[in-house]
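*Asks:* Sequence and predicted structure are below.
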Amino acid sequence: MKILVTGNLGYIGPAVLKALRVAYPSSELVGMDLGFFAHCFTGVPVSPDLVLDRQIYKDVRAITDSDLAGFDAVIQLAAVSNDPMGDKFAVVTDEINCQSSLKIARAAKRVGVKSYVFASSCSVYGAASKYPKKENDELNPLTAYAKSKIDTEIGLEQLAGDSFTITCLRFATACGFSARTRLDLVLNDFVAGAVSSGVIDILSDGTPWRPLIHIDDMARAIDWAVTRRASNGGDMLVVNAGSDEWNYQVKDLANAVAQVIPGTDVNLNLNAVPDKRSYQVDFGKFRILAPNHQPEVSLLDAVRGLYKGLNDMNFSDKDFRTSQLIRLNTLNAHIVSGRLSSGLTWQEKFL
Ligand SMILES: NC(=O)c1ccc[n+]([C@@H]2O[C@H](COP(=O)([O-])OP(=O)(O)OC[C@H]3O[C@@H](n4cnc5c(N)ncnc54)[C@H](O)[C@@H]3O)[C@@H](O)[C@H]2O)c1
C-alpha cells in the first residue's frame, strides 16, 4: 500500500506516521508538508520522520494529479490548525484547509486513490447545548477554522463514491506529548504551567466542556479510516472521533494535572467572559463503526506522558505562552523575519 500524509511535520503527524508504520510495515509512506514547524522538535533523540520512505516539501495549494498518482490512500492533515491562527490568517485558512483539501480529493479521485481521510474537528459544533453533539446535530462554527472544516466536509460529500471512500474524522481537541509538542492546547498548557511554575491559570471559570483525545488515539482512528470499507459507514462518512469518557470540564483537566503533579495550584478566572466554545460530543457512532480502534489512553496517562516529556527536556519556561511552542508565535516569527509571507508562502530568498 502507498500512503500520502500531508501536514506530517506538525504536532500530530509523528504519532500518525508511527502508527501507520506499525500497522502497515511494508507500505510506502510519503509525507508532504511546507515545514512551518519542521524544526520544532521537543525532546527527541532521533527524527520521527525517518519512518517515512520520502518527504516532499511542498505547498498543498500547488498539488497536482501527478503528485497523487499511484497512492492508495491520502491523509489530509495539512492545515492552519487552530482558532488563533485561523483568526489571524482567515483567507489562507479557507485556501489551505478547505479549497486545497477539496482540490486534493478531486485530484485523488481522478488518479484512482481509493481512500481519503480528512482531519476534521469537533469545533464545528461550537457552542453550548444540553446534550452531547451527534454528527447530524446543528453545527455552529464560531471561527474561521471551524468554518473551514465544515465547508470541506460539505464539498467532499459530492466526491465520495465510485470506489473513492472518504472519511471525515471530527477529532476532539488533541493532547499528549509529541516529537513536536505544542503548548497551545488546553491539557498541554496546563501541564506546562504546572511543570514550569507550579500553577495552572485557567482562562475561564473552569466550567466549559471540552472533549479531548490523545494523539496516539487520533493516529489509531486514522489507521482505521485508511482501510475502512464503504460497507462500514458508507462511501462518505463523517464521524466524531474520540470517546464519551473524554468529555471533560476544563476544571477536571486541571485537577487531573494537579493529581499527577503534587503541589500544583489551580487558579480559576471567575470573572471571565463565558467561553462560548463549550460543548460535549457523542462518540457512539465511532464506537460502533470502529470497535477495534477505540481510544485507549487514559487522561492520567496523557498527563503523565506530558509531565515526563517536559521534564526530560528540562522544560522550565514560565512564559511559554509567548514562546515558539505556541504555533501562532512560530508563524509570526517566520513572518517578522521575512522568511514567510503573510499569505503563508516561503519567501524564496530565504530558502
Ligand atoms: N490539534 C488538534 O487539537 C486537532 C483537533 C482536531 C483536528 N485537528 C486537525 O488535525 C490536523 C493536524 O493537526 P496538528 O495539530 O498536527 O497541526 P499542526 O499545525 O501542528 O500541523 C499542521 C501541518 O500542516 C502543514 N501545512 C500547513 N499549511 C500547509 C500547506 N499549505 N502545504 C503543506 N503543508 C502545510 C504545517 O507545516 C504543519 O506541519 C489539522 O488538519 C488539524 O486541523 C487537530
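*Replies:* Happy to help now that I have it. What you are looking at is a predicted structure, and each value in this text was computed from that prediction instead of being measured.
*Asks:* send the alpha carbons of stretch 133-145 over as CSV?
*Replies:* Provided in CSV are the C-alpha atoms of stretch 133-145 (Å, rounded to 0.1, in the frame of the first residue of the first chain):
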residue,chain,number,x,y,z
LYS,A,133,-23.5,16.6,20.0
LYS,A,134,-24.1,13.9,17.3
GLU,A,135,-22.9,14.1,13.8
ASN,A,136,-26.3,15.2,12.4
ASP,A,137,-26.9,17.9,15.0
GLU,A,138,-26.9,21.5,14.1
LEU,A,139,-23.5,22.9,13.6
ASN,A,140,-22.4,26.3,14.9
PRO,A,141,-18.9,27.2,13.7
LEU,A,142,-17.6,30.2,15.7
THR,A,143,-14.3,30.7,14.0
ALA,A,144,-12.7,30.7,10.5
TYR,A,145,-11.0,27.5,11.5
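*Asks:* average model confidence for that stretch?
*Replies:* In this model, stretch 133-145 carries a mean pLDDT of 93.
*Asks:* What is the distance between it and the centre of its chain?
*Replies:* Centroid displacement of stretch 133-145 relative to its chain, using C-alpha atoms, centre = their mean, to the nearest Å, is 17 Å.
*Asks:* Report the buried residues of that stretch.
*Replies:* 133, 135, 139, 140, 141, 143, 144, 145 (16 or more other C-beta atoms under 10 Å). For the C-beta atoms, the positions are set from N, CA and C on the backbone; glycine is no exception.
*Asks:* Establish whether it and the ligand are in contact.
*Replies:* No: taking C-beta under 6 Å from any ligand atom as the criterion, stretch 133-145 and the ligand are apart, separated by no less than 7.1 Å.
*Asks:* got the residues of the stretch 101-250 of the chain near the ligand?
*Replies:* So the stretch 101-250 of the chain meets the ligand at 119, 121, 171, 173, 174, 182, 185 (C-beta under 6 Å from any ligand atom).
*Asks:* nearest spatial neighbour of the second one, skipping sequence neighbours?
*Replies:* Nearest residue to residue 121 in three dimensions, chain neighbours excluded: residue 149, at 4.9 Å (C-beta to C-beta, 6 or more residues apart in numbering).
*Asks:* The one you found is in contact with residue 122, isn't it?
*Replies:* No: using C-beta atoms under 8 Å, residue 149 is not in contact with residue 122; the gap is 9.3 Å.
*Asks:* Need the overlap of contacts for those two.
*Replies:* By C-beta atoms under 8 Å, 6 or more residues apart in numbering, residue 149 and residue 122 have these common neighbours: residue 170.
*Asks:* hmm, back to that, secondary structure class of the residue nearest to residue 121, three-state.
*Replies:* Following DSSP: H, G, I helix; E, B strand; the rest coil, residue 149 is assigned to helix.
*Asks:* now do residue 296
*Replies:* Classified using three-state DSSP, residue 296 is coil.
*Asks:* Stretch 90-98 close to the ligand?
*Replies:* Yes: Stretch 90-98 is in contact with the ligand by C-beta under 6 Å from any ligand atom, via residue 96.
*Asks:* mind listing what's buried in that stretch?
*Replies:* By 16+ other C-beta under 10 Å, the buried positions in stretch 90-98 come out as 90, 92, 93, 94, 95, 96, 97, 98.
*Asks:* Between the residues you listed, which sits nearest residue 78?
*Replies:* residue 96 (6.6 Å; C-beta to C-beta).
*Asks:* could you point out which element follows the helix or strand encompassing residue 104?
*Replies:* Per DSSP states H and E: residue 104 is located in helix 101-110. Going down the chain from helix 101-110, the next helix or strand is strand 115-121, by DSSP H and E.
*Asks:* Export that following strand to PDB, keeping only CA atoms.
*Replies:* Extracted in PDB, the C-alpha atoms of strand 115-121 (Å, rounded to 0.1, in the frame of the first residue of the first chain):
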ATOM      1  CA  SER A 115      -9.300   6.200   0.400                       C
ATOM      2  CA  TYR A 116      -9.200   9.900   1.500                       C
ATOM      3  CA  VAL A 117      -9.100  10.700   5.200                       C
ATOM      4  CA  PHE A 118      -9.800  14.300   6.300                       C
ATOM      5  CA  ALA A 119      -8.800  15.600   9.800                       C
ATOM      6  CA  SER A 120     -11.900  17.500  10.700                       C
ATOM      7  CA  SER A 121     -12.700  18.900  14.100                       C
END
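*Asks:* what is the rounded mean pLDDT of it?
*Replies:* In this model, strand 115-121 carries a mean pLDDT of 98.
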